[in-house]
Each structure stands twice: as structure tokens, then as C-alpha cells.
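K.L.:
My questions are about this predicted structure, shown below with the sequence.
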Amino acid sequence: MSSVFARALSPAVREIRLMFSQTGPVSSGTRDFVLANYPVIKKHNQDLPILIRPAEGHPPRAFVRFERGVEESVELYGLSSVEVESKVAELLGIQKK
């Protein structure tokens, strides 16, 4: 995976939440994304809550909560890990190089 997340995120980001099925095929890209990127994101943002939530029977989604309670989300249904990375980076306002 690329190192697009190998940096501190904006202080405006208060929480990252990922909801996906632990076994469903439409969540496989999201699971792969978490396995590859969680350690990198956490290493560079130690105090940022990153919540991983099971969501059987629901489409996989990523949520980002910003300061003042503003929350944005994106659906990750059936995406590959590279596509999930791109969607999450976009949600966080990170420009890929």
C-alpha cells in the first residue's frame, strides 16, 4: 500500500469510524484496507480514535467526525482496498501524490 496515510492528519479530524462485515465478500476490500493501513494511521496519529465496528447485513461505510461535530461518510460497498484507500483519503482531505 502507499504511504498516503504516513503523516499526521489535520487537527480538525476528531474520529475515524469504519463499519463493515467481518466475513462478507463486499467488505473484503475494507478489511484489507484496515489490515494494511490501521498501523500506519495510528502510528502517526496516536491520540486519534479509530473505531472499527462490525456491521453484518449493512453496506461497509467510513465515517469521519470533524471539529464541532461535523460528520461525513462514504459507502465502501464492493470496493477493492486501493479504492477504499482513495475514498478514505478523499474523506480526510488528503491529496494523493
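P.N.:
Received, thanks. If you're wondering where the values come from, they're calculated on a predicted model, not measured in any experiment.

K.L.:
Paired strands for the lengthiest strand in the chain, with orientation please.
P.N.:
Longest strand in the chain by number of residues, with DSSP state E as the criterion: strand 13-20. Neighbouring strands of strand 13-20 in its sheet, by DSSP bridges, are strand 50-54 (parallel), strand 61-66 (antiparallel).

K.L.:
Any chance of TSV for those, columns mean pLDDT?
P.N.:
TSV is the format used below for the strands paired with strand 13-20 (pLDDT from 0 to 100):
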stretch	mean pLDDT
strand 50-54	97
strand 61-66	98
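
K.L.:
Single out the most deeply packed of these.
P.N.:
Each of the strands paired with strand 13-20 was given a mean neighbour count from mean count of other Cβ atoms under 10 Å, and the largest, a mean of 18, is that of strand 61-66. (Each C-beta comes from the backbone N, C-alpha and C, glycine too.)

K.L.:
now that strand, how far from the centre of its chain.
P.N.:
Remark: strand 61-66 is offset 8 Å from the chain centroid, using Cα atoms, centre = their mean, to the nearest Å.

K.L.:
Which element is encountered next along the chain beyond it?
P.N.:
strand 71-75 (DSSP states H and E).

K.L.:
tell me the angle of the following helix or strand past that following strand relative to strand 13-20?
P.N.:
For strand 71-75, the succeeding helix or strand toward the C-terminus, using DSSP H and E, is helix 81-92. When axes from the mean of the first three to the mean of the last three Cα atoms, to 10 degrees is applied, the directions of helix 81-92 and strand 13-20 differ by 150 degrees.

K.L.:
Could you give the average pLDDT over helix 81-92?
P.N.:
For helix 81-92, mean pLDDT is 96.

K.L.:
Now that helix: buried residues?
P.N.:
81, 84, 85, 86, 87, 88, 89, 91, 92 (16 or more other Cβ atoms under 10 Å).

K.L.:
ditto for stretch 10-24
P.N.:
Quick answer for stretch 10-24 (16+ other Cβ under 10 Å): 13, 16, 17, 18, 19, 20, 21, 24.

K.L.:
Name the residue most distant from the centre of the protein?
P.N.:
residue 68 (19.9 Å; Cα atoms, centre = their mean).

K.L.:
Tell me who's in contact with residue 79.
P.N.:
The contact partners of residue 79, taken as Cβ atoms under 8 Å, 6 or more residues apart in numbering, are 29, 30, 60, 87.
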